[in-house]
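Engineer: below is the sequence, then the predicted model.
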Amino acid sequence: MAEYAEVENGVAVNVIIAEPEFIAEQPGTWVDITNEAGVGIGWQWDGTTWTEPAPPAPVTRYVLTGLEWVQTWTEDEWRSLKTLAQQDTTPGRRLDQLLDAIKLTNSVDLESGTMQQFYSYIVAQGWITQARADELQAGIQE
């Protein structure tokens with residue numbers, strides 16, 4: 001028995017353990033990988049050398065759960081926002097209203113118009129910088 005990779009267009013698409021006689025009867029290109037540590041589906045084959053596939057590019061997610069969104073803030077920032085929202089001023093009441101609206105949703109879409117307005121508002125009030133708002137709106141890399 002040996003381990004074989006089926007290769008299509010220079011990429012391993014299947015890996016099996018089989019007898020050489022069985023592989024000889026199979027259509028397609030099969031390469032013995034018995035002594036090739038780690039070779040598996042997705043590896044590239046140039047006819048002589050195996051190359052590990054590049055890791056997938058990170059995906060940025062802009063729709064967060066409420067908890068994930070809260071965790072994008074530092075503890076001090078979050079405490080400041082909550083304190084500002086309790087002030088009986090027009091900006092404080094507006095912030096309180098915005099935070100309540102966010103809490104009532106199951107998710108926070110950082111790219112939504114509402115969130116764009118939220119970040120613009122707190123930047124305009126001087127509560128965070130534009131650079132920090134940009135960081136907070138950058139999403140979560142997965």
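Structural biologist: That came through fine. Numbering: from 1, shown residues only.
Engineer: just the residues contacting the longest helix seen in the chain, thanks.
Structural biologist: Criterion DSSP state H: the longest helix present in the chain is helix 90-103. Under the contact criterion Cβ atoms under 8 Å, 6 or more residues apart in numbering, helix 90-103 has outside partners 66, 69, 81-82, 84-87, 108, 114, 118, 121-122, 125, 127. C-beta: built from backbone N, CA, C; applies to glycine.
Engineer: that helix: which residues count as buried?
Structural biologist: For helix 90-103, a neighbour-count test (16 or more other Cβ atoms under 10 Å) marks 91, 94, 95, 96, 98, 99, 102 as buried.
Engineer: domain parsing for the protein?
Structural biologist: As given by automatic domain parsing, the domain ranges for the chain are 2-51, 60-141.
Engineer: need those in a markdown table with mean pLDDT, can you?
Structural biologist: Shown next, in a markdown table, are the domains of the chain (pLDDT from 0 to 100):
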| stretch | mean pLDDT |
| --- | --- |
| domain 2-51 | 96 |
| domain 60-141 | 91 |
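Engineer: thank you, goodbye.
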